[in-house]
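Asks: generate a structure from the sequence data that follows.
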Amino acid sequence: MRNAFQHLVAIVDGADCPGFRFTGHALRRSEARRISLAHVRVALTYGCELHRDGAVCYAIGRREVREGAREGLDLSRFRGLQVICTPAGVVMTVYRNDEGHGRRPRRRRGAHPRGLRLAPPRLRGRARPAQDDAPVGVGE
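Replies: Take a look at the predicted model:
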């Protein structure tokens with residue numbers, strides 16, 4: 001029996017990106033965004049590997065451009081390139097993100113930096129204790 005995902009996968013020539021397969025979506029998006037398979041190969045080779053939400057992201061940012069310059073590589077034109085893959089090596093999509101927001105873990109709005117809550121929890125939908133149940137000396 002065929003996997004439901006198999007019809008979405010197109011095999012790309014091994015000379016361009018050995019070991020990686022591309023979904024039809026990734027091929028369409030890379031063509032629409034004018035990102036060649038050679039650019040994708042550069043991201044897969046020199047980009048930092050981030051594991052997030054069950055996917056693997058290969059990204060080229062400031063740090064990778066700086067490290068490439070130390071090794072004599074000019075990666076500046078690839079800055080912001082991100083390739084999202086499955087752990088099995090299937091490229092799901094390709095895009096440019098010049099701001100790099102997807103690389104930092106996001107902090108919930110209003111959360112304390114160390115994860116501590118400063119205010120007591122609210123009693124939403126829960127019944128408040130009756131006056132009879134109040135500790136002695138309270139409410140008298």
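Asks: any idea of the mean pLDDT for stretch 37-50?
Replies: What stretch 37-50 shows for mean pLDDT is 91.
Asks: give me the residues contacting that stretch.
Replies: 12, 16-17, 20, 30, 56-61, 63-64, 68, 73, 75, 78, 81-83, 91, 94, 103 (CB atoms under 8 Å, 6 or more residues apart in numbering). For the C-beta atoms, the positions are set from N, CA and C on the backbone; glycine is no exception.
Asks: which parts of it are buried?
Replies: 37, 39-44, 46-47 (16 or more other CB atoms under 10 Å).
Asks: and stretch 87-106, average pLDDT?
Replies: Stretch 87-106 comes out at a mean pLDDT of 76.
Asks: from the buried residues of stretch 37-50, which land in helices?
Replies: Here DSSP state H is the test, and the buried residues of stretch 37-50 give 37, 39-44, 46 as lying in helices.
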